[in-house]
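Chemist: Turn this into a structure:
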Amino acid sequence: MSEVAISVEHVSKMYKLYDKPIDRLKESLGLSKAKNYREHFALNDVSFEINKGETLGIIGTNGAGKSTILKIITGVLNQTSGEVSVNGRISALLELGAGFNMEYSGLENVYLNGTMIGFSKEEIDAKLEAILNFADIGDFIYQPVKTYSSGMFVRLAFAVAINIEPDILIVDEALSVGDVFFQSKCYHKFEEFKKMGKTLLFVSHDLGSVNKYCDRVVLLNKGEKIAEGQPREMIDLFKKVLVGQLSQKDLTKEEIMADALAEESEQGTQGDSAMLWKQYMLINPQVQSYGDERAEIIDFGIFDKQGKISNTIYKLEEFTLKIKVKFNVQIPNPIFAFSIKDLKGNELCGTNTIIENIETGTVAAGEEIEIAFTQKMILQGGQYLLQLGCTGYEDDNLVVYHRLYDICNLQVLADKITVGYCDLDSKVEYQRR
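Modeler: You can find the predicted model right below:
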């Protein structure tokens, strides 16, 4: 039986929300017996355990309670009710700047943090070289940390957290401000931690990292634990939570689980339900839409290899993009297109019916066309943006009937990251003679 590193039992965190400052003052002075506040539960009866040597991920939308539970585990916050027990020395990398004195130099903060954790000066001296080498900020180590960039700050904070030999490491999104090379070094350190049998509690919006590094995942929504299980299962359920919140539903645990089962039933193996496909997608509320409206893109959906609608695709698996277009006038030889961009706006790949030698013919007014593009996902793990278009040529001039820029996000999950934007899916043979 595995030894428990962290136990969270029925933990709740309630905040009192007052409409007027005077109501808070009256209560603090005992001048009012009336309840002049509303109760807001950042966490509501949350329970889970982390075994020693396990990597646990916590996912959820903003406001789900992820950072709150980490602060309670590390002692930064006190819970309103419930019990938390920790078996082992914790090193935590939470909010940027937590535990650092901005007036002190980086070196002074190394000693300050080490002392707070319980190390003597001699013990910190023995670890100092490893900390400075990992942070790699040069002579800035002697400057006040208030002069640091966010990237330099997180380098030093992570270097201290990772090199004090904790039993349990807790990380909350802090790595998102580091550059790609530093993030790579940190994730390599995570792998070393796992091999050493250390415990890692990991909160991130990067679902690719959650899928790759975590043994188990807890899904939170609006302060409640919805479920816990294998990373892929929880990520799939998280996608349904995202869609539900976009429709302004006040989702509870029971509603989310019921919705998940209902969607499985409604979509079927091909996603052919009476609902629009895009209602299951995570849509950009600031989508750029333009064109002369002689044709309109009325629906679209991304389907994984099982035929389920999803914004998340696993690398090197086949997926299908389906588009429905309604024509308001007769149009000869319309062109249907899609492309995928990175978050910086660089167009990475895409195609259209001309490139693919598809004869679309003349489409009559009132007719609806459905077209499907099926391909293997070769892009690296990460976040991308989808563009859709229906255009045509009239007198050798390109005419835009309808285009949707950045209509939705596309999350690619990968167990392996190769060099560059895409994966060549190489088959490697190695022989020794």
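
Chemist: Low-confidence bits of the protein, can you list those?
Modeler: Scanning the chain for pLDDT under 70 picks out 1-2, 31, 95-98, 173-181, 243-274.

Chemist: and Ile50, how many residues sit next to it?
Modeler: Neighbour count of Ile50, defined by other Cβ atoms under 10 Å: 24. Using the backbone N, CA and C atoms, a C-beta is placed for each residue, glycine as well.

Chemist: wait, Ser105
Modeler: Residues contacting Ser105 under the criterion other Cβ under 10 Å number 16.

Chemist: Go ahead and confirm it touches Gln143.
Modeler: Yes. Ser105 is within contact range of Gln143, at 5.9 Å (criterion: Cβ atoms under 8 Å).

Chemist: Spatially nearest residue to Ser91, not counting backbone neighbours?
Modeler: Spatial nearest neighbour of Ser91, excluding adjacent residues (Cβ to Cβ, 6 or more residues apart in numbering): Pro166 at 3.5 Å.

Chemist: What's the separation between that neighbour and Gly114?
Modeler: Distance from Pro166 to Gly114, counting by Cβ to Cβ, to the nearest Å: 12 Å.

Chemist: swap in Phe303?
Modeler: 52 Å.

Chemist: before we move on, what about Lys16?
Modeler: Here Lys16 is placed at a distance of 37 Å from Gly114 (Cβ to Cβ).

Chemist: what about those two, which has more around it?
Modeler: Regarding Lys16 and Gly114, a neighbour count based on other Cβ under 10 Å identifies Gly114 as having more, with 21 against 13.

Chemist: Which residue ranges of this structure form helices?
Modeler: Secondary structure of the chain, counting by DSSP state H: helices at 21-28, 66-74, 106-117, 121-135, 150-163, 180-195, 207-213, 231-246, 253-267.

Chemist: who does the second one touch, helix- and strand-wise?
Modeler: Applying 3 or more Cβ pairs under 8 Å, 6 or more residues apart in numbering; DSSP states H and E, one finds that helix 66-74 contacts strand 4-18, strand 37-51, strand 55-59, strand 81-86, strand 90-93, strand 168-172, strand 199-203.

Chemist: May I see the ones you listed organised as a markdown table, with distance to Lys341 added?
Modeler: Shown next, in a markdown table, are the helices and strands packed on helix 66-74 (distance: least, Cβ to Cβ, whole Å):
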| stretch | distance to Lys341 |
| --- | --- |
| strand 4-18 | 39 |
| strand 37-51 | 36 |
| strand 55-59 | 25 |
| strand 81-86 | 43 |
| strand 90-93 | 31 |
| strand 168-172 | 29 |
| strand 199-203 | 27 |
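
Chemist: coming back round to it: any chance of the helices of the chain in JSON lines, plus distance to Gly57?
Modeler: Below are the helices of the chain laid out as JSON lines (distance: least, Cβ to Cβ, whole Å):
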{"stretch": "helix 21-28", "distance to Gly57": "37"}
{"stretch": "helix 66-74", "distance to Gly57": "10"}
{"stretch": "helix 106-117", "distance to Gly57": "24"}
{"stretch": "helix 121-135", "distance to Gly57": "23"}
{"stretch": "helix 150-163", "distance to Gly57": "18"}
{"stretch": "helix 180-195", "distance to Gly57": "12"}
{"stretch": "helix 207-213", "distance to Gly57": "4"}
{"stretch": "helix 231-246", "distance to Gly57": "7"}
{"stretch": "helix 253-267", "distance to Gly57": "18"}
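
Chemist: For Glu318, which of these is the nearest?
Modeler: Evaluated over the helices of the chain, closeness to Glu318 peaks at helix 231-246, with 16.5 Å, by Cβ to Cβ.

Chemist: Mind listing residues that contact that closest one?
Modeler: Helix 231-246 is contacted by residues 57, 59-61, 207, 210-211, 214, 216-219, 221, 226-228, 251, 255-256, 259-260, 263, 279-283, 310-312, 413 when judged by Cβ atoms under 8 Å, 6 or more residues apart in numbering.
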